[in-house]
Structure formats: structure tokens, C-alpha cells
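Trainee: Coordinates for the following, if possible.
(one chain, ligands or ions: 1)
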Amino acid sequence: MASKIPAMREISREEVAKHSKQGDLWVIIDSKVYDLSKFAALHPGGLGVLSDPEVAGQDATEIFYSLHRHEVLLKPGYARLQIGTLPGKKPQINANSVGAISKVPFAEPTWLSDGYYSPYYNESHRAFCAELRKFVETEVLPEAQLHEETGKHPSKALLARHAELGLHAMRLGPGKHLKGLTLMNGVVKPEEFDFFHELIATQEFVRIGARGYFDGFLAGMIIGLPPVVNFGKPELREKVVKEVLSGEKVISLAISEAFAGSDVAGLRCTAVKSEDGKYFTVNGTKKWITNAAFSDYFTVGCKTAKGLTVLLIPRGEGVETTPIKTAYSAAAGTAFITFDNVKVPVENVLGREDDGLRVILSNFNHERYGMSASSARSQRMIVEECLKWANQRKVFGKPLISQPVIRNKLAALIARVESVQSWLENIAYQMNNMSYEEQSLKLAGPIGLLKMECTRTAQETARDATQIFGGRAITRTGMGRLIEQYHRTVPFDAILGGGKSSNTTLSNVPISISFILRACAVAEDVLGDLGVRQAIKQMPPNVRL
Ligand code: HEM
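Mentor: Next comes the predicted model:
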């Protein structure tokens, strides 16, 4: 039975004014009356500010919103301080209802904004987005906010729910792994799921505003499972893909090492084949492995007799993970792994022995596409934060937005996010229409350039947003909490996303996969260089100025 919400009594401004001293202190915020008599002594902003004659017994709406986020009033512990409402008045400030589309300009991509059009998205994308947004806001967001602070990994129960909706599988993008699944309660059919659905899946998750937890929510699977799907032997593939996509097991990709960074050809983790040819013995370490702290399987790059081999290694004897403290939340489960004489059956080789580079690199373009998608969406969240803040914050009696210098920064913020989103959608459209081989040949360069542009502009956006929010941008709670988190974690995006390849590495790679390797780069400059080199390769020989 639904519980009854008690009707709030009406309280006049005159009555509120009578409660204006310590121990008997009421205030009005957005036409709601709060009794802060007992709370005042516990108030994180101090007792003194509440006893001020301009606050106690008065309408404190403006001062409240210049110091707190609206979400403070929604927390049950604070919401229950409300004792009444002003007669005949309705609250003006509303939290977005579940699943709502933000009305703040540029807070949503154009295709979702009221009254705008897009050639790319159809009804299936819209229905999928609406359903997913509800799930993310009601089920994921509360845990995300909590775990981001506590550093706890995503709960088994939520992972199971995510899997039940088919989202584990959808986060890998379109493909055969979706066959036969019911996706998002049937809102989208497996055969119609495309790169725009995937773009939506990624971008809706970003809205949880919890960067460490976001990575904790299966960033490892997104890069660790495709090698099993595409290169695993049928028996192994069937078992592992089923276990992971059902949420029962977690997998991560373990390539980088302290010695080799992400230079995949310089790895020192070794796999030595037994004389009877039945198993490998793996020894070595892996570092910076997202989700490894709670993974059951590891897709591991190992040095073998004549090259590099990728092995699927289950957690077991000789496998140990130690969490690494990083700048973001431990919810991501970033860990150091040691393999100590771990016996791995040859059936667990992904792809061909000594040909692991192909396996590792085959997913790089897709990975960078996903990273660009999340980077673009987090920039958009920052745009919304900045627009709201500049609009509500008053300085010297005037809104912050009345300062040309602030408007100028906002203009730059908006222009950047709209540019990268448009490019991203163009790439998604190309991917929808190209085969894997075509994507590798034609899109490795553009995707590299897009990722470079996303992460570079993201850092400019972080800097501008910090200027707009001032001191509030450096505190982990309160008004600028999202800006602080963004500024602290945004450099990650420029680093993640592939293996660094030196020219030496390139020269060791068979010609047949050189097109894949051209996608292999990590730092922004190298990605940019990759894009230009690809373009130059495609220059017609007969053109002159
Ligand atoms: C229902 C009433 C109120 C509640 C529940 C409340 C709650 C809080 C909370 C939770 C914080 C910590 C910062 C954050 O997480 O946002 C805070 C900070 C603060 N509050 Fe309040 N508050 C209330 C009313 C007021 C009012 C009327 C004033 C008027 C001056 C005020 C002044 C401050 C100040 C100055 C800070 C410190 C802000 C900062 O560090 O930037 N609060 N309050």
C-alpha cells in the first residue's frame, strides 16, 4: 500500500518571522518553510550563518541557492526539516523528474532537444534512450553516487540487473553477441541495434556523474570480452561469453605493464609452453588494469617463443590482484596483477599463438569511439553545470552571466561540445554503413583525430569551468562537486585507449595487420599524427596547388 504523504500546513511569512533566533529558527526556501531549530547546530555551513537576521525567520531562497545544490533539499534527512508552505505559493525550483529531458540549452545533444531534428536517430533510438535513462537514473545513479565516495565496486545485484536488460551485451556494440537476447525489455530488437544505440548506451551512463564508478561499471568488459567473442575457441567462447553477459562473472583486459607501459611489443609477462604442448606457464605482472580488483577472468597479453600471445586466464592459483590507489575512485577497481607460475591450458589461447598483436589491436578503433562518446557527454554535463551556475550566481549584485568574460568562456564550452558530438555522430553513421575491414582502413585516422579532439577540448573545458566556478571548483562536495571531479579525472581520458607503438614495434608487425596497427596510439599528439599520416597516405599522387 502506498504510504500517505502528510499534507503540509500553510504558514504565513509573518508567522515564520516570529521564529528568528537560535533554538527557534525557521526559514523560507522556495516557498517551503523549514524548521532549522535543532539542525542549526549540525549545519555543515555553521550555526552563525543561519542566525543572521537576514536569514533567520526570513526568505532565504536566493542565499540558499548561491551556496547549495538543489539536491541538498532532496536528501531525506534534510527534506524532513520542511514543516509547511507559504499560503497560495508553489515552489518554482524543480529537480528534473525521472527520465526527463533537460530544458537547459545545450544540456542535451540536439537530437534529444525539444524542437530540433536529426537525420541519424529514429524511433527505436528514442525509445531505447527513454527506457535506459529511467533505468540509469532510478537504479544506477543512487549506487554510483554512493560508491564513488566509498570506493566500493558496482554491486553484484546491479550488475545482474544490467545484464538482465541486455545492457552488458549492448555496451559491446552491435554484433552477433546480441543474437537471441531481449534488449531493454524488448524496446530494441537485436537486429536493429546499431552504433547509435551504442552511442546512447555510453552517453546515458556518463550522466551518473561518477567517473571512477563509471569505469568500474564494466570498462574492463568492454575491452576484455571482444577478444573472447572474436578469437576464442568455440567451447571456451560459449562458456565465458555466457557467464560474463549474464553478469555472473567479470572480465578485464590485462596488457599494460610497469616495464612496458602500453608498448605491447615490449611486454615482459611470459607464457612458456609445456613440453607436451598442453599448457602454458605464465609469469609476470600487469599494471593499471581497470576492474581487475574484482575480475574473474583476465584477457592477458603474454610474451611467447616467437611473439605475443593472448591468453584467457581465470582467477585462481597463482593469480593475485592488489588495488592501486589512483586519482579517481577505487570503485573502478584498478589493480596490479601478479601471475606466479599460473598454468593455462592451450585451449585458452585467443586467436593464434604468437599472433596476439592482431587480437589486442583489433578492438582499438571501437574502444576509442566509445571513449570519444563518453568524453563528449561529460563535456556536455559540464556545459549544463556552468550555464546553471552562471545564471544563478550573483556577484556584485549582478548575475555572473552578465560578465562578458564569462559569456565568452561559455561560448567556447558550447562550441567545443557541439563540434565533437557532431563529428562523433558522423563517425557512428560511417560505422553503421561500413564493414569491419572498411572501418579499419578508412576510420582509424578519423577516430584517432576525434579522440584527440575530444580529450584535448575536454581539458580546455575543465580549465574554463574551473574559472567559472572559482573556489567551488576545488571542493569535492557542494556546488562545484562535478567540476572538481571532472578537473581531477579528465586527464585520464587522454591517456587511456590503446597501446603506444614505437616505429620499432611497427616494423616487427606483419604487413597483413599493419592497417590495424595504424590505429594503435595513445597520447593525443600521437593520435593526431596517426590521423594525418593516414590522410597523407590517401592523397592522390596527381594533385598540386
Ligand atoms: C534546509 C536548510 C539548509 C540545509 C539542509 C543546509 C545544508 C547544508 C549542507 C549539506 C552544506 C554542505 C555543503 C553542501 O554539501 O552543499 C551546507 C553548507 C553551507 N550552508 Fe547550508 N543548509 C541550509 C540552509 C542554509 C542557509 C539558509 C544558509 C544561509 C546563509 C546556509 C549557509 C551555508 C553555508 C555558508 C555553507 C558552506 C558553503 C560552502 O562551503 O561553500 N545554509 N549547508
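Trainee: Now do the helices in the stretch 301-450 of the chain.
Mentor: 356-361, 364-392, 404-433, 436-469 (DSSP state H, counting those that start in this stretch).
Trainee: Deepest-packed of the ones you listed, please.
Mentor: Comparing these by mean neighbour count (mean count of other C-beta atoms under 10 Å), helix 356-361 comes out on top with a mean of 24. In short, each C-beta sits where N, CA and C put it, glycine included.
Trainee: residues in contact with stretch 448-457?
Mentor: For stretch 448-457, contacts defined as C-beta atoms under 8 Å, 6 or more residues apart in numbering pick out 368-369, 371-372, 375-376, 379, 416-417, 419-420, 423-424, 427, 490, 493-494, 497, 519, 521, 524-525, 527-528, 530-532, 534.
Trainee: Confidence-wise, which helix or strand of this structure is lowest on average?
Mentor: For the chain, scoring each helix and strand by mean pLDDT, DSSP states H and E identifies helix 503-507 as the least confident one, at a mean of 31.
Trainee: Might you calculate how far stretch 223-237 sits from the centre of the chain?
Mentor: 24 Å (C-alpha atoms, centre = their mean, to the nearest Å).
Trainee: check contacts around Val349.
Mentor: 233, 280, 309-311.
Trainee: Indicate the residue of the stretch 401-545 of the chain located nearest to the ligand.
Mentor: Per C-beta to the nearest ligand atom, the residue of the stretch 401-545 of the chain with the smallest distance to the ligand is Gly478, at 3.8 Å.
Trainee: okay, that residue: pLDDT?
Mentor: Here the pLDDT value assigned to Gly478 is 92.
Trainee: That one contacts Arg69, correct?
Mentor: Yes: under the criterion of C-beta atoms under 8 Å, Gly478 makes contact with Arg69 at 7.0 Å.
Trainee: These two - which one has more neighbours?
Mentor: Ranked by neighbour count (other C-beta atoms under 10 Å), Gly478 and Arg69 place Arg69 first, with 18 against 14.
Trainee: The more buried one and the ligand: what is the separation?
Mentor: Per C-beta to the nearest ligand atom, to the nearest Å, Arg69 is found 6 Å from the ligand.
Trainee: Skipping its backbone neighbours, what lies nearest that residue in space?
Mentor: Closest residue to Arg69 apart from its sequence neighbours, by C-beta to C-beta, 6 or more residues apart in numbering: Met479 at 6.0 Å.
Trainee: All the strands of the stretch 251-400 of the chain, in order from the start?
Mentor: Taking DSSP state E, counting those that start in this stretch to define them, one finds strands in the stretch 251-400 of the chain at 251-254, 270-273, 279-289, 297-304, 307-314, 319-323, 335-345, 349-350, 394-395, 398-399.
Trainee: Just checking: what are the partner strands of the first one?
Mentor: In this case it means strand 251-254. strand 297-304 (parallel) (DSSP bridges).
Trainee: Convert the strand it pairs with to CSV, retaining C-alpha atoms only.
Mentor: The C-alpha trace of strand 297-304 is given here as CSV (Å, rounded to 0.1, in the frame of the first residue of the first chain):
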residue,chain,number,x,y,z
TYR,A,297,38.8,-13.5,-15.9
PHE,A,298,41.7,-11.7,-17.4
THR,A,299,42.4,-11.3,-21.1
VAL,A,300,46.2,-11.2,-20.9
GLY,A,301,48.9,-10.3,-23.4
CYS,A,302,52.0,-12.5,-22.9
LYS,A,303,55.4,-12.8,-24.5
THR,A,304,55.7,-16.3,-26.1
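Trainee: for that strand, the distance to its chain's centre please.
Mentor: Centroid displacement of strand 297-304 relative to its chain, using C-alpha atoms, centre = their mean, is 25 Å.
Trainee: again with stretch 118-128
Mentor: The chain centre lies 22 Å from the centre of stretch 118-128; the measure is C-alpha atoms, centre = their mean.
Trainee: now stretch 287-297
Mentor: Relative to its chain's centre, stretch 287-297 lies at 17 Å (C-alpha atoms, centre = their mean).
Trainee: Contacts for that stretch, please.
Mentor: Here stretch 287-297 has contacts from 153, 215-216, 218-221, 224, 240, 243-244, 249-254, 256-258, 286, 298, 312-315, 321, 323-324, 330, 332-337, using C-beta under 8 Å, 6+ apart.
Trainee: Mind checking which of those residues are buried?
Mentor: 153, 215-216, 218-221, 224, 240, 244, 249-254, 256-257, 286, 298, 312-313, 315, 321, 323-324, 330, 332-337 (16 or more other C-beta atoms under 10 Å).
Trainee: coming back round to it: now narrow the contacts of Val349 to whatever sits close to the ligand.
Mentor: Filtering those for proximity to the ligand by C-beta under 6 Å from any ligand atom leaves nothing.
Trainee: Run a quick neighbour tally on the closest residue to the ligand within the stretch 1-150 of the chain.
Mentor: Nearest residue of the stretch 1-150 of the chain to the ligand, counting by C-beta to the nearest ligand atom: Gly45, 2.3 Å away. A total of 10 residues lie near Gly45 under the criterion other C-beta under 10 Å.
Trainee: Give the helix, strand or coil label for it.
Mentor: Using DSSP: H, G, I helix; E, B strand; the rest coil, the structure places Gly45 in coil.
Trainee: Do a quick rundown of the helices in the stretch 51-200 of the chain.
Mentor: Using DSSP H, counting those that start in this stretch, helices in the stretch 51-200 of the chain cover 61-67, 71-74, 76-79, 123-135, 141-150, 156-164, 167-170, 195-206.
Trainee: CSV for the ones you listed, including mean pLDDT, mean neighbour count and distance to Ala40?
Mentor: Putting the helices of the stretch 51-200 of the chain into CSV (pLDDT from 0 to 100; neighbours: other C-beta atoms under 10 Å; distance: least, C-beta to C-beta, whole Å) gives the following:
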stretch, mean pLDDT, mean neighbour count, distance to Ala40
helix 61-67, 92, 16, 14
helix 71-74, 93, 15, 15
helix 76-79, 94, 10, 13
helix 123-135, 97, 18, 38
helix 141-150, 96, 17, 25
helix 156-164, 96, 16, 37
helix 167-170, 97, 24, 45
helix 195-206, 98, 24, 38
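Trainee: now those helices as JSON lines including distance to the ligand?
Mentor: Below are the helices of the stretch 51-200 of the chain laid out as JSON lines (distance: least, C-beta to the nearest ligand atom, whole Å):
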{"stretch": "helix 61-67", "distance to the ligand": "5"}
{"stretch": "helix 71-74", "distance to the ligand": "5"}
{"stretch": "helix 76-79", "distance to the ligand": "4"}
{"stretch": "helix 123-135", "distance to the ligand": "25"}
{"stretch": "helix 141-150", "distance to the ligand": "12"}
{"stretch": "helix 156-164", "distance to the ligand": "25"}
{"stretch": "helix 167-170", "distance to the ligand": "31"}
{"stretch": "helix 195-206", "distance to the ligand": "22"}
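Trainee: can you redo the ones you listed as a markdown table with distance to Ala305?
Mentor: Compiled in a markdown table, the helices of the stretch 51-200 of the chain are given as follows (distance: least, C-beta to C-beta, whole Å):
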| stretch | distance to Ala305 |
| --- | --- |
| helix 61-67 | 65 |
| helix 71-74 | 58 |
| helix 76-79 | 62 |
| helix 123-135 | 46 |
| helix 141-150 | 43 |
| helix 156-164 | 38 |
| helix 167-170 | 35 |
| helix 195-206 | 38 |
